[in-house]
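Asker: kindly return the folded structure for what I paste below:
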Amino acid sequence: MLRKTLLILLLLLIYCDQLNAFNYSFHELGTLDSHHQSLANKINDSGQIIGWSGKAFIYDKGVIVDFGTSGGFVYGAAGINNSGQVVGTFLNNDNDSRAYVYKEGVFTNLGTLGGQTSHASGINSFGYIVGGARDSTGEVRPYLYKNGFMIDIGSLGGLGSADDINDYGQIAGTSLLASGEGPHAFIYDNGLMIDIGTLGGSESYAHSINNSGHIVGTAYNSLGNYRAFLYINDTMIDIGTLGGGLRSAAQDINDFGQIVGESQNKNEEPRAFIYQDGQMFDLNDFVPSYHNFTLSEARGINNYGDIVGAGYYRNDTIISRAFLLFNNDAQRIIPEPLSIILLLIACTSIRKH
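Answerer: Below is the predicted model:
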């Protein structure tokens, strides 16, 4: 508990208070080569963005780049940490999907749990990776990859996959139940996997977990509508929709509790949102109309409040384009040497844990 409190305080020192900051600069990120579409998935605190434009890309310092192959075709980039390590999925020469980790031109094939395929979904600051992989029986199992080994962490009784991991090793994922029902979202902590339930319906899906152990995702309610949820204090909360829409989905949460995703508005149109302090806001309200661009889904948010996702130009509603909303109000300060030393001590302690 002391380690967690210390890290949160240090985050506050480094990032300062970003809450209630809705002064964004809009950037359309472009596409790879002649491909017409793009989608941004995640952004780290250094401003590096990963996504898809026919194949996986990384966007860094204003340039969108195809980061190559690993003896196959890299078609998915799902997670990135603050060191710039990227995880995702590629097709090998046998056309099997495999999880990878990539940094600065070097690919590592993470392998499988004995089966043919795997994928990677998330990575934390220490390079620990989570995802799903087939075992020798052909079942997809949630895994944790660390120190060069892929470990089956179990499930809620059936097939499953891990979706995200925080710096304390807490893992959020999704699994079928032993009865075949579900799937249900779970949290895995210190070797124990807990079913975090639903919003009254039959299914729930975890998408992201922050360093406070708060989870966001999507769950069905008793009316059969899928809704964005926040799991906090052992309770799953429906965080609502935009303007009377029936459906919403939460995709990411940062360490300040800001949540992003997509929701139907009152016209049942998909719109990107940010949720904080108990209220959901349409991100389109903060983009000047002269950009002629609609933000349809937000998929990632960093600790500075920068947001990435996908949308479309209003004269071409079919073609998806990746966007960045840059938070102009964020205090992007360099921490004092004492703060850096304390952070290193905290991180060393966490690594030993």
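
Asker: where are the low-confidence patches of the protein?
Answerer: 1-21, 34, 69-72, 333-353 (pLDDT under 70).

Asker: redo that, cut-off 80
Answerer: For the chain, the stretches with pLDDT under 80 are 1-21, 33-36, 67-75, 244, 316-317, 333-353.

Asker: looking at it, which strand is longest?
Answerer: strand 316-327 (DSSP state E).

Asker: what residues sit buried inside it?
Answerer: By neighbour count on 16 or more other C-beta atoms under 10 Å, the buried set for strand 316-327 is 320-327. C-beta coordinates here come from the backbone N, C-alpha and C atoms, glycine included.

Asker: list the buried residues of stretch 219-228.
Answerer: For stretch 219-228, by 16+ other C-beta under 10 Å, it's 219-221, 225-228.

Asker: send me it as CSV with only the CA atoms.
Answerer: Taking Å, rounded to 0.1, in the frame of the first residue of the first chain, the C-alpha atoms of stretch 219-228 are listed here in CSV:
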residue,chain,number,x,y,z
ALA,A,219,-20.6,-5.1,-20.1
TYR,A,220,-24.2,-5.9,-21.1
ASN,A,221,-27.0,-4.6,-18.9
SER,A,222,-30.3,-6.4,-18.1
LEU,A,223,-31.9,-4.8,-21.2
GLY,A,224,-29.3,-6.3,-23.5
ASN,A,225,-27.4,-3.1,-24.2
TYR,A,226,-23.6,-3.0,-23.9
ARG,A,227,-22.4,-0.2,-21.7
ALA,A,228,-19.1,1.3,-20.7
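
Asker: chain center to that stretch: distance?
Answerer: 21 Å (C-alpha atoms, centre = their mean, to the nearest Å).

Asker: what lies in contact with that stretch?
Answerer: 185, 197-205, 216-218, 229, 236, 238-241, 246-250, 259, 261, 263, 275 (C-beta atoms under 8 Å, 6 or more residues apart in numbering).

Asker: run a quick neighbour tally on Glu268.
Answerer: 12 (other C-beta atoms under 10 Å).

Asker: which residues touch it?
Answerer: 245-246.

Asker: and it, how far is that from Leu246?
Answerer: Note on Glu268: its distance to Leu246, by C-beta to C-beta, to the nearest Å, is 7 Å.

Asker: wait, is Gln251 part of a strand?
Answerer: Yes. Assigned with DSSP: H, G, I helix; E, B strand; the rest coil, Gln251 falls within a strand.

Asker: hang on, it packs against Gly300?
Answerer: Yes. Between Gln251 and Gly300 there is a contact under C-beta atoms under 8 Å: 7.1 Å.
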